[in-house]
Every structure is written in C-alpha cells, then in structure tokens.
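Visitor: Here is my input, please return the structure:
(one chain, ligands or ions: 2)
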Amino acid sequence: MLKFLLPLKVLNLKAFRTFGVALTPARLTPARLSPAHLSPARGSLPLPINYTVSVTNRCNARCKTCNIWRLYDDCDEEQPALRRSRSRSELSADEFARIFESVGKSAYWVTLSGGEPFLRSDLVEIYDALARHCSPNIVNIPTNATAPRLVERRVRELLEVKNKTKKGKSDLILNLSLDGVGSLHDEIRGVAGNFEKFVATYERLTALKQDFENPRLRVGVHTVVSNFNLDRLEEIYEFVQGLNPKPDSHIFEVAEERVELGTVGSGVTPDYRSFAAAFAPLRERIKRDYLKDPEADFLARVTQAFRLEYYRLLEKVLTERRQPIPCYAGFASCQISAYGDVWACCVRAEPLGNLRAGTADYDFAWVWRSRKADEIRASVRRGECCCPLANAAYTSMLCDFSALRRVLGRVVR
Ligand code: SF4
Ligand code: SF4
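Guide: Residues are numbered from 1 along each chain as shown. Ligands and ions are numbered 1, 2, ... in the order given. Below is the predicted model of the structure:
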C-alpha cells in the first residue's frame, strides 16, 4: 500500500520544502504541545520517508576513516565506568519501540546503522518493533562483516520475524563493508583477518537465501573511498564483480568528515581531481555491468541508475561546494542517534530535539514539528551546508524531478 502512496508523499514533501506549505490537511494538535514549542506549520508538517536509526555507537573495528569506536574505547583505558555508563545510555529496545510507534507508517525506508549494528544482542527485537509499528518497505542494515556466524544467525532470525509479519514482502538489504582486497582491507579497517571474514560473511548470507522460499534478502557490498584506497578502486570493483554469486549491488561512498564519526578536520576525503580521475573508468563499468546487463533485475537496475546519478552529484559537490540539487535532509530524511537525538543528518548532527526529553516523551512528531526543527530546516533550505552524504542524497534525488528524470532515463535506455 505504502508503495502506491510514495509519489503522493514525495509531492507533499516537495511542496513543503519549496513553498513551506504541505498539501495534507492539518491534524489535530494534542493539547500538551504548546504553541510556543510548535512550528507554525503544526500538524500539517509531513513526517520523513527515510529514517536512519543508529542502534549503537559501539564498534569492534578500528577504521582509519571513522572514529566512532573511540567514543567508548578512549575512555575505556582511563575510565571504564564512563564507558559502561555511556553504553548503557543508548536507547533500549523498549525505547526504540515507543519511538517507532510514534513514527508509524510514515517510514518507507529505514536504515538500522551503527557503530556495528550486530553488536546489539537485541537487534532482532528492535527490528520486530520496527516491522510491527512502521512496516517500512525497505530495511537496510550495514555490517563491518567481522563476525560471520553471528551475522548469519541474526539475519536468519530477522528473516523469520519478517516472514511472520504482514511485511514479509518488504526488502531486507544487508550491506557488507569492503575497502580493499586482501591486506589493504584489514589495514584500513584496523582488524586482522577482516578480509577473510568479509568473504565468509558474504558466503553465509548468500547461502542463507536458499533456506527461505522468498527471502527478499539482498546482499550488497559497500566501499568507502578515501585517500587510503583511491588508487585501488578498479581492483576492488573487479574483485566484487568476481564474487559468486554476484552481489545485488556495489556502492561506493566517499569518506566524509562528519561530526557523528568524529572525523571533522581529519583529511580523509579525497580531493575532487583525484577522485574524478580514479572514478571515471568505474562509471562506465557500472553502466555496462548493471544497466546493460539483460540478467540484472529491475530493482538492481533502478538502484544502479540512482547510484550513477549520485556519483554525478558527488563530483559536483566536491567541485562546487554547494548543494547540486536541493537537499531534503530535515524534510524527507532524518537520523535518530543512539541516545535519542533527532538530526536532519549525521553530517550536521545538530539536534532538532531529544526523544527522551520529558516533554517529548518518545513522540517523534513532537520533535519534528518543533520551532527548533524549523530553524534547522530553514538553514538547509537556504543552502548553508553541502556534503556528499549518500543516504540523504538518495531521498533528495527522489524528490527532485530533474534528478529523477535522469535516473529513469538511464533505466529505460
Ligand atoms: S566505519 Fe563502521 S566499521 Fe568502521 S569504525 Fe566506523 S562504525 Fe565501525
Ligand atoms: S547538505 Fe549535507 S550537511 Fe546539509 S543538510 Fe543535507 S545532508 Fe546534511
């Protein structure tokens, strides 16, 4: 049902971002929401369609492109108690359930991210609450693929939960990180043997598909492009193409300087010229291998068409340092941190509000429809920031007719 509603939701979000007025009628405003707190748009302000939910900041990898693991480990040496209390302050499965209940059916696409999401022993419980309350069409979970058996076991449980609910027809996408072939991957990820574990995780997950009648499980590969692997992109691409079976997708994303990752000022992002030179041959390969492959299914072709558009926008962001199309973070997409902060995106990581705050009481709409959220949206609308964040870019493309036209053009060509 939601799939059919998506174009209407997109139109509504587009009207709201462009004119500040939503097409949906205003809902009744609960009495507890004081006018001083609320955005003037109040109940008519649409909720996002794309949510990134960080289920934990814990991570067992030590990537050169991300410092999120330092959040707990740095204090581990000096103040183990601090680490425990920070870790305990992450949202519990019950708290996630209350938040998902308030989000309701607005969610079309949800990413359960981290840290390493599979380090949460209650990941299946969190997924179950998400499926029951929100029924998203797509749930995407990234993994650093350091624990093949654990990931296989959890994904099997996730598929069992998925197939029990009405959302058995939704897609579960697992994206495995791969930043290099062989020792280069281990070196960038800071984990000895990570490359072998990647291969083992990939084999286990693709084999798992055979155990379910219609798993709707998609297994993809995710490569972070940084100054550490810029000259090895073709090698990585060839390796991934040679995997048997071929992955459902292969995404390249540029390493970013993000507040969330603690990488601001780290210099991990490659400069535009080097990136463009290294990436140009791959764009042609992707067109040939996915868009012109008669065996690639429709979803894989659409996904790759979006990716090619993303790579085009990425180059523009890196060169022009402005939003190449209007950014819809804070309008159509958002992130919920492991501690309950709601952000427009993880690059700005500027709280619109916290879901645990007494007045919010885990009500997502309370935070989303606040005046503080309006201020941040106004800044995004004025183009005061720009970045190549892939997750936000895909939603922005969906809401931008010119980008959408180019994407569809690639699919039908
Ligand atoms: S990039 Fe992912 S795997 Fe690497 S340290 Fe950050 S959260 Fe962990
Ligand atoms: S342009 Fe980037 S930093 Fe600015 S709101 Fe969008 S995703 Fe966030």
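Visitor: these two touch, right, Pro46 and Ala22?
Guide: Yes - between Pro46 and Ala22 there is a contact under CB atoms under 8 Å: 5.2 Å. C-beta: built from backbone N, CA, C; applies to glycine.
Visitor: Flag the shaky bits of the stretch 151-300 of the chain, pLDDT-wise.
Guide: Within the stretch 151-300 of the chain, the segments meeting pLDDT under 70 span 166-169, 260-261, 291-294, 296.
Visitor: What ranges does it have for its strands?
Guide: Assigned strands in the stretch 151-300 of the chain, in chain order: 171-177, 217-225, 249-254 (criterion: DSSP state E, counting those that start in this stretch).
Visitor: swap in the stretch 1-150 of the chain?
Guide: 50-54, 109-113, 138-143.
Visitor: Can you spell out which helices and strands pack onto the longest one?
Guide: Under the contact definition 3 or more CB pairs under 8 Å, 6 or more residues apart in numbering; DSSP states H and E, strand 138-143 sits against strand 109-113, helix 123-134, strand 171-177.
Visitor: Listing partners with orientation, what would you give for the last one?
Guide: Based on DSSP bridges, the strands next to strand 171-177 in the sheet, each with its direction, are strand 138-143 (parallel), strand 217-225 (parallel).
Visitor: can you list these in a markdown table and add mean neighbour count and distance to Lys14?
Guide: Formatted as a markdown table, the strands paired with strand 171-177 follow (neighbours: other CB atoms under 10 Å; distance: least, CB to CB, whole Å):
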| stretch | mean neighbour count | distance to Lys14 |
| --- | --- | --- |
| strand 138-143 | 21 | 20 |
| strand 217-225 | 22 | 28 |
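Visitor: Looking at the ones you listed, which is nearest to Pro247?
Guide: strand 217-225 (4.9 Å; CB to CB).
Visitor: Return the angle between stretch directions for the helix with the most length in the chain and strand 171-177.
Guide: Using DSSP state H to assign secondary structure, the helix with the most residues in the chain is helix 298-320. Relative orientation of helix 298-320 versus strand 171-177 (axes from the mean of the first three to the mean of the last three CA atoms, to 10 degrees): 50 degrees.
Visitor: can you tell if helix 298-320 touches ligand 2?
Guide: No - for helix 298-320, no contact with ligand 2 is found by CB under 6 Å from any ligand atom; the gap never falls below 8.2 Å.
Visitor: ok, Thr52 to Pro351 distance?
Guide: 15 Å (CB to CB, to the nearest Å).
Visitor: Repeat that for Asp73.
Guide: Applying CB to CB, the value for Asp73 to Pro351 is 24 Å.
Visitor: And those two? Which one has more around it.
Guide: More neighbours surround Pro351 than the other of Asp73 and Pro351, with 19 against 15 (other CB atoms under 10 Å).
Visitor: The more buried one - nearest residue in space that isn't next to it in sequence?
Guide: Asp341 (4.3 Å; CB to CB, 6 or more residues apart in numbering).
Visitor: How about Gly383?
Guide: Spatially, and ignoring its direct neighbours in sequence, Gly383 is nearest to Gln323 (5.2 Å; CB to CB, 6+ apart).
Visitor: tell me the SS of the one you found?
Guide: coil (DSSP: H, G, I helix; E, B strand; the rest coil).
Visitor: try Arg405
Guide: Under three-state DSSP, Arg405 comes out as helix.
Visitor: out of the strands of the stretch 151-300 of the chain, which comes closest to Glu90?
Guide: strand 171-177 (21.3 Å).
Visitor: What residues does Gln323 make contact with?
Guide: Residues counted as contacts of Gln323 (CB atoms under 8 Å, 6 or more residues apart in numbering) are Val317, Gly383, Cys385, Cys386.
Visitor: gap between Phe298 and Ala344?
Guide: 31 Å.
Visitor: Quick one: mean pLDDT over stretch 310-328.
Guide: Averaged across stretch 310-328, pLDDT comes to 91.
Visitor: what does stretch 386-393 give?
Guide: 91.
Visitor: contact partners of that stretch?
Guide: 50, 52, 111, 251, 253-254, 256, 258, 310, 313-314, 317-318, 321-323, 327-329, 333, 345-347.
Visitor: Make a PyMOL selection of the buried ones in the residues you listed.
Guide: This is the PyMOL syntax for the buried subset of those, where burial follows 16 or more other CB atoms under 10 Å:
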select buried, resi 50+52+111+251+253+254+256+258+310+313+314+317+318+323+327+328+329+333+345+346+347
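Visitor: on that earlier part again, which two among the contacts of Gln323 are spaced furthest apart?
Guide: Val317 and Gly383 (11.8 Å).
Visitor: Tell me if stretch 118-137 is near ligand 1.
Guide: No - figure legend: stretch 118-137 not in contact with ligand 1 (CB under 6 Å from any ligand atom); closest approach 9.5 Å.
Visitor: Tell me which residues of that stretch come out buried.
Guide: 118-120, 123-131, 133-137.
Visitor: Pull the distance from it to the chain's centre.
Guide: With CA atoms, centre = their mean, to the nearest Å as the basis, stretch 118-137 stands 15 Å off its chain's centre.
Visitor: Report how far apart the opening and closing residues of that stretch are.
Guide: With CA to CA, to the nearest Å as the measure, stretch 118-137 spans 21 Å from end to end.
Visitor: Let me know the average pLDDT across that stretch.
Guide: Here the average pLDDT along stretch 118-137 is 95.
Visitor: Stretch 13-26 too?
Guide: 78.
Visitor: Check which residues of it are buried.
Guide: Leu13, Lys14, Phe16, Arg17, Ala22.
Visitor: Go through the residues of the stretch 1-150 of the chain and report the one nearest to ligand 2.
Guide: Per CB to the nearest ligand atom, Thr52 is where the stretch 1-150 of the chain lies closest to ligand 2, at 10.9 Å.
Visitor: Right, I'll call it a day here.
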